[in-house]
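Trainee: Mind folding the following:
(one chain, ligands or ions: 1)
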Amino acid sequence: MSFEFNVRISYTGFVSQTKFSRIRNRLISWYLKNRRDLPWRRTRDPYAILIAETMLQQTQVQTVLPYYRRFLHAFPTVEALDRASKEKVLALWSGLGYYRRAENLKRAARIMTRGHGGKIAREFDALRALPGIGPYTAGALMSIAFNRPYPALDGNARRVLTRLFGAKGEKELHTIASRLVACARPGQWNQALMELGATICVAQDPRCPLCPLRRFCAAWGSRRSLRKKPFVTKPSVEKVQWPLVVIQKKQKVLLRRRPAAALLGGLWEVPGGERKKGESLTAALTRHLNGLGDIVNDSHLVGEVRHSITHRRIRAPVFLAFQPGKEIHPGPGWRWVPLSSLRRYPLSSLSLKAIKLVQR
Ligand code: SF4
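Mentor: As a prediction, the model looks like this:
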């Protein structure tokens, strides 16, 4: 006699273990045939997986690829990352954005070197205790690197499960995810789920006719508003104007370093800052430039770059000024940097865009 263990789900009613296993088998087979060939999928090294998962937070796969290779080449182990200077780590992160991730990785490397013998912890709670590791990253590591049945719910996985089961709310989503991952290949299952969300069950206009789970899908079955993103409450967007001035002298550019205690502390940037309401662009620039107002007067507008950080949409008018005569030195934390050496400096993404604009 066999028993089926059913799970109560609000939209679909009870879901049987048989249905869970059909969904699982079908999706894993699809994944094995259709997955993108990505370097972090060719390794079981928990450190490499941690680097990939951290970089992939809020960043597209194509953007991450070169950074992942360079970072692992420079810091192939937890100890190597721990030994590296913060400046070098940030320099290799430069352009990837959300620099807090790099800082957290560095702090986690210190803890792992001192407390775990340079190894990635193999327990969920120990992983969660490390800086920057939330439930998603811990679940991804536990399942992908250590083959343990922990859910890894990123935005893609959440969207697929919500549509597939009509799940309502966090608790239900976790019940479903925990049931589904309880199998012999939890890492493959989690990756398959995320891959389906990234390539087929996308937020806008999901490609349902190509979906291997179509016949199990509550949303497809009822053709419920598939164009809507589930569980997404749009944060209010703040629009900001942030004038910058690229000050050049021959083949050098004047940069300043953000104070260590400030947000994105330690990063280098093109001088400038947020414009206040009612202020002109040049008045805002002058205010942010520590007495370099004369340079602002001699600058000219070359264009605009845009950047988004979480809920802030930044428009940055970019001015260009050439410094005549001797190099000025506005104070500690400022430096003339040869354009050919920029790669060695951890530059904010906005500054990189501004420099690229003027070089064009
Ligand atoms: S059928 Fe459509 S909505 Fe349902 S899981 Fe597949 S792609 Fe997503």
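Trainee: Okay, helices next: where are they in the stretch 51-200 of the chain?
Mentor: 61-74, 78-83, 86-93, 100-115, 124-128, 135-140, 155-165, 169-181, 186-199 (DSSP state H, counting those that start in this stretch).
Trainee: What mean pLDDT does the shortest one get?
Mentor: Summarised as a single mean, pLDDT over helix 124-128 is 95.
Trainee: Nearest residue to residue 140 in space, please, no chain neighbours.
Mentor: residue 152 (4.0 Å; C-beta to C-beta, 6 or more residues apart in numbering). (Glycine included, C-beta is placed from N, CA and C.)
Trainee: ignore the last one, residue 120
Mentor: residue 46 (3.9 Å).
Trainee: Could you double-check that that neighbour lies in contact with residue 145?
Mentor: Yes. In this structure residue 46 lies within contact range of residue 145 using C-beta atoms under 8 Å: 3.8 Å.
Trainee: Mutual contacts of the two, please.
Mentor: residue 120 (C-beta atoms under 8 Å, 6 or more residues apart in numbering).
Trainee: Contact partners for the residue nearest to residue 120?
Mentor: Taking C-beta under 8 Å, 6+ apart, one finds 119-120, 141, 145-146 in contact with residue 46.
Trainee: The same query, at a cut-off of 10 Å, please.
Mentor: 78, 119-122, 127, 141-142, 144-146 (C-beta atoms under 10 Å, 6 or more residues apart in numbering).
Trainee: Among these, which one sits closest to the ligand?
Mentor: Nearest to the ligand out of the contacts of residue 46 is residue 144 (C-beta to the nearest ligand atom; 21.6 Å).
Trainee: Please determine how far that closest one is located from residue 329.
Mentor: 50 Å (C-beta to C-beta, to the nearest Å).
Trainee: Leaving out sequence neighbours, find the closest residue to residue 308.
Mentor: residue 314 is the one closest to residue 308 (C-beta to C-beta, 6+ apart), at 6.9 Å.
Trainee: Could you count how many residues lie near whatever residue of the stretch 51-200 of the chain ends up closest to the ligand?
Mentor: Closest to the ligand within the stretch 51-200 of the chain is residue 163: 4.0 Å, counting by C-beta to the nearest ligand atom. Other residues lying near residue 163 total 23 when counted by other C-beta atoms under 10 Å.
Trainee: which non-adjacent residue is nearest it?
Mentor: Residue 163's closest residue in space is residue 219 (C-beta to C-beta, 6+ apart), at 3.9 Å.
Trainee: What count of nearby residues applies to that neighbour?
Mentor: Neighbours of residue 219 (other C-beta under 10 Å): 23.
Trainee: Wait, a helix at it?
Mentor: Yes. Checked against DSSP: H, G, I helix; E, B strand; the rest coil, residue 219 lies within a helix.
Trainee: Tell me if I'm right that residue 164 and residue 213 touch.
Mentor: Yes. In this structure residue 164 lies within contact range of residue 213 using C-beta atoms under 10 Å: 6.0 Å.
Trainee: okay, the two: which has more neighbours?
Mentor: Per other C-beta under 10 Å, whichever of residue 164 and residue 213 has more neighbours is residue 164, with 25 against 20.
Trainee: re earlier: the residue nearest to residue 140: what's it in contact with?
Mentor: For residue 152, the contact set (C-beta under 10 Å, 6+ apart) comprises 53, 135-144, 177, 181, 186-187, 189-191, 193-194.
Trainee: same thing but 8 Å
Mentor: So residue 152 contacts 136, 139-140, 143-144, 181, 190, 194 (C-beta under 8 Å, 6+ apart).
Trainee: Out of the residues you listed, which comes closest to residue 238?
Mentor: residue 136 (25.6 Å; C-beta to C-beta).
Trainee: Identify the residues contacting that closest one.
Mentor: Neighbours of residue 136 in contact, by C-beta under 8 Å, 6+ apart: 53, 152-154.
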